[in-house]
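> With the input below, show me the fold.
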Amino acid sequence: MPKVSVVMPVYNGEKYVRSAIESILAQSFVDFELLVIDDGSTDQTARIIRELVDRDPRVKVIHQANGGIVSALNRGLDLARGKYIARMDADDEALPDRLQLQCELMDMNEAVVACGSFYEKVGAATGIVKMPVLNKQCLSYLQFHSCFAHPTVMIRSATLKLHSLRYRREWEYTEDFKLWLDLSQYGELANIPKVLLNYRMHVQQIGVTKRVLQKERHTDLVKSNLRKIGVEVSHTDIYDFLWPGRLRPIGSLGYIVRAMRIPMKVIRSSAEDRWRMARRAGVIVVKNIGRSIFARSAL
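This next block holds a predicted model:
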């Protein structure tokens with residue numbers, strides 16, 4: 001039985017899938033299986049994967065009719081045999097020590113049910129992205145945003161099985177955010193403070209092609225999170241707090257007063273970690289204002 005099952009869904013990924021798979025085969029940690037879920041690709045993806053399967057028996061390809069990302073991810077969870085499940089996207093590249101460092105963290109701390117890492121954006125946008133490192137920081141992020149970049153994550157298999165946790169179709173396009181929320185009820189979350197993945201930015205990403213629907217479902221999740229700590233806020237107010245692009249001018253006193261309603265309501269809640277959550281909400285407001293000022297200055 002492999003210690004790690006790497007789950008990689010792919011749909012029409014001929015452009016990048018070879019480099020993604022090869023980045024896993026080049027890992028310093030070798031006790032893994034790589035499950036490539038071909039979700040009904042119609043390009044050369046199947047041929048490329050077949051070449052790599054012939055080269056390394058750790059690569060296993062599962063073909064299925066196109067059912068979408070949630071279907072492909074859950075198929076991978078069902079077939080995974082490892083103690084740990086590492087997520088990987090077919091357009092990214094894992095750095096050589098990724099699996100080794102994540103296994104070491106999970107082995108040393110059995111309370112951790114999922115861990116990710118920092119990552120570097122490559123392609124259409126560049127830059128290193130730092131994620132929250134400790135569990136309390138991750139939980140504060142989770143109130144408003146995912147605390148992980150999905151393809152950096154390693155999950156403890158036993159926790160998924162014990163609590164029957166899955167990616168949920170009703171939360172498609174934010175299915176990862178929802179899974180982290182579910183997992184956070186049963187253990188700790190962490191990120192390794194080191195870049196372990198090159199995250200490719202391009203126009204075919206779900207976060208680009210399905211952005212409007214993704215924002216709506218993300219807003220619904222945040223509204224649910226806030227309701228759990230006794231904070232009632234309208235869908236519109238949460239949406240504009242997170243993505244204020246339709247409000248003008250961002251940075252005006254009117255915007256700031258409106259946006260700061262949410263952190264102020266969090267402070268008045270009975271949540272145990274309300275100050276940390278409110279501080280995170282305040283950071284979101286400041287970043288939105290900063291992005292707006294930068295965008296205007298670039299014109």
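
> what about the biggest helix by length in the chain, distance to the chain center?
The helix spanning the most residues in the chain, taking DSSP state H as the definition, is helix 274-297. Offset of helix 274-297 from its chain centre (C-alpha atoms, centre = their mean, to the nearest Å): 21 Å.

> in that helix, what counts as buried?
Applying a neighbour-count criterion of 16 or more other C-beta atoms under 10 Å, one finds 274, 276-278, 280-282, 284-285, 288-289, 292 buried in helix 274-297. Every residue, glycine included, has its C-beta placed from N, CA and C.

> Which two of those have the greatest separation?
Using C-beta to C-beta, the two most remote members of the buried residues of helix 274-297 are Arg274 and Ser292, lying 27.2 Å apart.

> Among the buried residues of helix 274-297, which has the minimum pLDDT value?
In terms of pLDDT, Ser292 ranks lowest among those, with 65.

> Just give me the neighbour total for Ala86.
27 (other C-beta atoms under 10 Å).

> quick one: the helices in the stretch 101-250 of the chain?
When assigned using DSSP state H, counting those that start in this stretch, the helices of the stretch 101-250 of the chain occupy the ranges 135-142, 157-162, 175-183, 206-209, 211-228, 235-242.

> Minimum distance to Met106: which of the ones you listed has it?
Closest approach to Met106 among these is made by helix 157-162 (10.4 Å; C-beta to C-beta).

> what residues does that closest one touch?
Contact partners of helix 157-162, identified using C-beta atoms under 8 Å, 6 or more residues apart in numbering, comprise 5, 77, 80, 82-85, 113, 165-166, 183, 186-187.

> rerun that using 6 Å as the cut-off
Residues external to helix 157-162 that are found in contact with it (C-beta atoms under 6 Å, 6 or more residues apart in numbering): 83, 85, 113, 186.

> Between the residues you listed, which sits nearest Gln44?
Ile85 (27.4 Å).

> can you pull the contacts of Arg58?
By C-beta under 6 Å, 6+ apart, the residues touching Arg58 are 33-34.

> what does the model give it for pLDDT?
Here the pLDDT value assigned to Arg58 is 96.

> Please apply the same query to Tyr186.
With respect to pLDDT, Tyr186 has a value of 98.

> Check Ser269 too.
Reported pLDDT at Ser269 in the predicted model: 87.

> ditto for Val231
For Val231, the model assigns a pLDDT of 92.

> ok, and the closest non-adjacent residue to it?
Lys265 (4.7 Å; C-beta to C-beta, 6 or more residues apart in numbering).

> Return the distance of that neighbour relative to Ala281.
Computed as C-beta to C-beta, to the nearest Å, the Lys265 to Ala281 distance reads 9 Å.

> about what we covered before: output the longest helix of the chain in PDB, but only the C-alpha positions, please.
Only the C-alpha atoms of helix 274-297 are listed here, as PDB (Å, rounded to 0.1, in the frame of the first residue of the first chain):
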ATOM      1  CA  ARG A 274     -13.900  37.100  17.300                       C
ATOM      2  CA  TRP A 275     -11.000  39.500  17.500                       C
ATOM      3  CA  ARG A 276      -8.800  37.400  15.200                       C
ATOM      4  CA  MET A 277     -11.700  37.000  12.800                       C
ATOM      5  CA  ALA A 278     -12.500  40.800  12.900                       C
ATOM      6  CA  ARG A 279      -8.800  41.600  12.300                       C
ATOM      7  CA  ARG A 280      -8.900  39.300   9.200                       C
ATOM      8  CA  ALA A 281     -12.100  41.100   8.000                       C
ATOM      9  CA  GLY A 282     -10.300  44.400   8.400                       C
ATOM     10  CA  VAL A 283      -7.400  43.200   6.400                       C
ATOM     11  CA  ILE A 284      -9.700  42.300   3.500                       C
ATOM     12  CA  VAL A 285     -11.200  45.800   3.500                       C
ATOM     13  CA  VAL A 286      -7.700  47.400   3.500                       C
ATOM     14  CA  LYS A 287      -6.500  45.100   0.700                       C
ATOM     15  CA  ASN A 288      -9.600  45.900  -1.400                       C
ATOM     16  CA  ILE A 289      -8.900  49.600  -1.000                       C
ATOM     17  CA  GLY A 290      -5.200  49.100  -1.900                       C
ATOM     18  CA  ARG A 291      -6.100  47.200  -5.000                       C
ATOM     19  CA  SER A 292      -8.400  49.900  -6.100                       C
ATOM     20  CA  ILE A 293      -5.900  52.700  -5.600                       C
ATOM     21  CA  PHE A 294      -3.200  50.700  -7.400                       C
ATOM     22  CA  ALA A 295      -5.600  50.000 -10.300                       C
ATOM     23  CA  ARG A 296      -6.500  53.700 -10.600                       C
ATOM     24  CA  SER A 297      -2.800  54.800 -10.500                       C
END
